[in-house]
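K.L.:
Based on what follows, work out the 3D shape:
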Amino acid sequence: MALDIVIMAAGKGTRMKSRHPKVLHRLAGRPLLAHVLSATASLPDHRTWVVTGHGAEAVESAIAGSGAQSVRQMPQLGTGHAIQQVVPHLADAGTTLILNGDVPLIAAATAHALAQACGGERLALLTIVLDDATGYGRILRSGDPMGGRVLGIVEHKDATPAQREIREVYTGMMAAPTAALRRWVAALSNDNAQGEYYLTDIVAMAVAEGVPVVATHAADETEVLGVNSPLQLADLERRFQRRQAEALLEAGVRLADPARFDLRGTLAAGQDVEIDVGCVFEGDVTLGDDVRIGAHCVIRDARIAAGAVIHPFSHLDGATVGAGALVGPFARLRPGAELGPEVHIGNFVEVKNSTLARGAKANHLAYLGDASVGERVNYGAGSITANYDGANKHRTVIGADAHIGSNCVLIAPVTIGAGGTVGGGSTISQDTPPGQLTVARGRQVSIAGWQRPVKAATG
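P.N.:
A predicted model of the protein is given here:
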């Protein structure tokens, strides 16, 4: 049976007070709309349509490559009007699943269950019972407020005081028989307080035609919460992060405070991993057994091997850290940084596109870019690789057991011989031999009788 998924993403989101379309605001590092697309990606044999409107170009650019197709709603005259724009593209029969691009945490299982509840024959509504139903459309039933037959939905702004006491609400998501949906939305009227075409009016049409209307209940309030303001976005962010933190805690990860933890991607962790407060993980991160992450670290697309310690306030992006290595505090590993086992990278050290073999150390105030560093190298404070000539990057090679003194400049391309020593303050522009001391600095001179300049007297 054909399944068309329609994601409503045309709204302006006035309460967001932003020039950006609401569905492109980010939750856990990804646009709201991207979460909905991910949730539906696993549904079988479907096509996805995204209804765009406000900021259409930006939204359409954001979904490029996702497999979803866009349909514009111009102007935006309500949810029913949005579906009117997309029905010419839908299959002749089957099920149409309608979701909201600003309700990002809908579970794939819930979306699938809603489509199955329709089965191409029934109008299925996704509902939930809320303590505070303000702003939501209420489910009208015959008889029992929860078990009676569904008769319709009344929008909050059109509801009577008695109807506003109803706690079962419509989440804005439904699944409808596609053939009937075409007929129903064509018959919609905008005779209401807002002068809009409400999709919810099709419920009464289904009842009048004798089409069964069923309600499928969402298991979790969080998965049906929408985002209409920065406050709601922040609340949903914390709910989502708490859910991820709890899953990691259940898996054995030690989080110092699950309320001060952010995961904006995936995190795979071994046994006895410890993560202090304020850490942010982005992209795909893997932590081996016994890894310790200090407070306020930002780690993106990194692999950290067993027993490594990342001290506080360190930033790792696209880096690999070997077993037992020590990084930080206040260290920065940029893409292509590959640290071998037991490497030490200290405070205010930056490493980019460089490999450091077992036991190498750069403990203070240093830069290593486009470098190959051998085993047990000691790289002094204040030393840098001058790897860029203004047009091209060049590589520095430092042999095993070499010692680079403080405040040295290694001008690439250059090779430092194994076991050699570069004296502090040297500027090295030629290869150095193995096992020898190389010094390249100006001769020290002291000038007797020199007078320091003084400020001129002012009248």
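
K.L.:
Check whether residue 120 sits in a helix, strand or coil.
P.N.:
With DSSP: H, G, I helix; E, B strand; the rest coil as the basis, residue 120 sits in coil.

K.L.:
ok, it touching residue 96?
P.N.:
No - counting by C-beta atoms under 8 Å, residue 120 stays clear of residue 96, with 9.5 Å between them. (Glycine included, C-beta is placed from N, CA and C.)

K.L.:
need the helix or strand of this structure with the lowest average pLDDT.
P.N.:
Of all helical and strand segments in the chain, the minimum by mean pLDDT, DSSP states H and E falls on strand 150-154, at a mean of 88.

K.L.:
what's that one in contact with?
P.N.:
125, 137-142, 160, 163, 170, 200, 203-204, 207, 213-215 (C-beta atoms under 8 Å, 6 or more residues apart in numbering).

K.L.:
now do 10 Å
P.N.:
Under the criterion C-beta atoms under 10 Å, 6 or more residues apart in numbering, residues 123-125, 127, 136-143, 159-160, 163-164, 166, 168-170, 172, 174, 198-208, 212-215 lie in contact with strand 150-154.

K.L.:
which is the next helix or strand following that strand?
P.N.:
Sequence-wise, the next helix or strand downstream of strand 150-154 (DSSP states H and E) is strand 168-177.

K.L.:
What residues sit buried inside the helix or strand that that following strand is followed by?
P.N.:
On the C-terminal side of strand 168-177, the nearest following helix or strand under DSSP H and E is helix 178-186. Judged by neighbour count (16 or more other C-beta atoms under 10 Å), helix 178-186 contains these buried residues: 178, 180-182, 184-185.

K.L.:
between those residues, which is nearest residue 92?
P.N.:
For these, the residue nearest residue 92 by C-beta to C-beta is residue 178; the value is 7.2 Å.

K.L.:
What separation do you get for the closest one and residue 378?
P.N.:
Distance of residue 178 to residue 378, given as C-beta to C-beta, to the nearest Å: 70 Å.

K.L.:
Residue 50 now?
P.N.:
Going from residue 50 to residue 378 by C-beta to C-beta gives 56 Å.

K.L.:
more crowded one of the two?
P.N.:
Shown here are residue 50 and residue 378; by other C-beta atoms under 10 Å, residue 50 has more neighbours (27 against 17).

K.L.:
give the contact list for that one.
P.N.:
5-10, 23, 33, 36-37, 56, 59-60, 62-63, 66, 68-72, 86, 101.

K.L.:
Same question for residue 181.
P.N.:
Residue 181 touches 4, 6, 83, 86-87, 90, 95-96, 98, 123, 174-175, 199, 202, 206, counting by C-beta under 10 Å, 6+ apart.
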